[in-house]
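Trainee: return a 3D structure for these sequence lines:
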Amino acid sequence: MAYCRCLTPAANQMLVLVSRQSPPYCSIRTMFVSTRRPHKALLKTLHASRRRPSVIRWQSQSAPKKRLLNITPQSLLVAALITGMVAAVYIWLEWKKFVHQAGGRIAALSDSGIGTLNWTLTDQNGKRREYAEFRGQWLILYFGFTHCPDICPEELEKLVEVVEGIDGNPSTPDIQPIFITLDPGRDTVEYMHKYCKDFSPKLIGFTGTTEEIDTVAKSFKTYYSLGEKDEDGDYIVDHTILMYLINPDGKIVDVYDKSAKADGIIRGSIKHISEHEKLRRKTFLPF
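Mentor: Numbering: from 1, shown residues only. Here you go, the predicted model:
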């Protein structure tokens with residue numbers, strides 16, 4: 001705060017106070033005081049002006065904001081084309097990955113030669129039927145023998161439970177259960193008819209000559225061996241305990257051992273059926 005003294009004709013002193021502020025905010029305070037008795041208001045003003053810091057106020061005009069994005073119909077079209085191309089490449093890569101995983105497993109089983117023989121056996125009604133007759137259907141196949149005391153009945157019950165679970169799913173086609181005996185000497189057509197009927201009317205049982213059964217078992221890489229006969233002429237058949245899931249093309253897509261639970265086989269079978277449908281339509285999209 002700066003001030004100056006000016007003597008007036010009335011013998012009073014004029015004190016001009018000029019604040020150190022930039023225009024247009026400069027203020028001039030003029031006060032008339034007696035030279036003999038300074039005015040109290042002037043003292044207060046001087047005292048306050050020494051403590052109050054000078055304030056510089058700037059008037060700035062903000063620059064106009066620049067537009068960061070210039071959205072036009074052409075830019076939207078370009079963005080849509082780029083997005084479509086990226087989506088197409090992603091779908092193509094996912095499809096190749098899907099085909100490699102799903103088709104690779106089936107190809108590995110097919111290359112091993114498992115279940116590729118077009119066999120001919122006799123069903124429980126005495127009719128000669130070929131394996132090729134079941135093309136176009138999903139099959140689940142099990143090897144065993146009717147005189148088995150425990151394992152075969154349990155596995156056949158599990159097989160029927162799996163068939164009912166898949167048939168009850170509205171999104172999957174029905175599946176055909178097949179039971180092939182490994183003991184053709186005792187499992188005649190009549191015995192097979194009665195045995196299969198006790199489990200499910202859908203179950204188809206097959207028997208044949210020893211040579212025919214041996215050929216089919218070797219085709220599915222199923223091991224079996226007839227045990228020694230006891231005093232009553234009974235014997236046990238040691239064999240591989242497996243269920244084969246076969247697609248409509250006649251190819252094995254999965255194999256389930258004794259440790260597999262029915263619900264797990266159902267989930268796995270439904271997954272394979274869904275994958276086969278996608279491969280058939282050559283797309284994994286739902287439309």
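
Trainee: could you chop this structure up by domain?
Mentor: Dividing the chain into domains by automatic domain parsing, as the record does, gives the ranges 2-51, 111-281.

Trainee: what's the mean pLDDT across the longest one?
Mentor: When pLDDT is averaged over domain 111-281, the result is 93.

Trainee: got it, and the first one?
Mentor: Confidence over domain 2-51, taken as the mean pLDDT, stands at 48.

Trainee: distance of residue 88 from residue 70?
Mentor: To residue 70, residue 88 is 27 Å away according to Cβ to Cβ, to the nearest Å. From N, CA and C alone the C-beta is placed, and that goes for glycine too.

Trainee: again with residue 242
Mentor: When distance is defined by Cβ to Cβ, residue 242 is 67 Å away from residue 70.

Trainee: which one of the two has more residues nearby?
Mentor: residue 242 (18 against 6; other Cβ atoms under 10 Å).

Trainee: in the sheet, who's paired with the more buried one?
Mentor: Partner residues in beta bridges with residue 242: residue 257, with DSSP bridges as the criterion.

Trainee: ok, back up a step: out of the domains of the chain, which one sits most buried?
Mentor: When neighbours are counted by mean count of other Cβ atoms under 10 Å, the highest per-stretch mean among the domains of the chain falls to domain 111-281, a mean of 16.

Trainee: which residues in the stretch 51-200 of the chain form strands?
Mentor: In chain order, the stretch 51-200 of the chain shows strands spanning 120-123, 128-130, 138-144, 175-181, with DSSP state E, counting those that start in this stretch as the criterion.

Trainee: who wins for proximity to residue 81 among these?
Mentor: With Cβ to Cβ, the closest approach to residue 81 among those belongs to strand 138-144: 42.5 Å.

Trainee: who touches that closest one?
Mentor: Around strand 138-144, the neighbours that count as contacts under Cβ atoms under 8 Å, 6 or more residues apart in numbering are 115, 151-152, 155-156, 159, 162-163, 166, 173-182, 217, 220, 222, 224, 239-248, 269, 273.

Trainee: next step: the residues you listed restricted to helices.
Mentor: Using DSSP state H, 151-152, 155-156, 159, 162-163, 166, 217, 269, 273 are the members of those that sit in helices.

Trainee: need those residues in JSON lines with distance to residue 75, can you?
Mentor: JSON lines is the format used below for the ones in helices among the contacts of strand 138-144 (distance: Cβ to Cβ, whole Å):
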{"residue": "151", "distance to residue 75": "70"}
{"residue": "152", "distance to residue 75": "70"}
{"residue": "155", "distance to residue 75": "65"}
{"residue": "156", "distance to residue 75": "67"}
{"residue": "159", "distance to residue 75": "61"}
{"residue": "162", "distance to residue 75": "56"}
{"residue": "163", "distance to residue 75": "58"}
{"residue": "166", "distance to residue 75": "52"}
{"residue": "217", "distance to residue 75": "68"}
{"residue": "269", "distance to residue 75": "50"}
{"residue": "273", "distance to residue 75": "46"}
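
Trainee: what is the nearest of those residues to residue 262?
Mentor: Each of these was checked against residue 262 using Cβ to Cβ; the closest is residue 162, at 5.4 Å.

Trainee: not counting its neighbours along the chain, what's nearest the closest one?
Mentor: residue 265 (4.8 Å; Cβ to Cβ, 6 or more residues apart in numbering).

Trainee: that's all I had, so thanks and see you.
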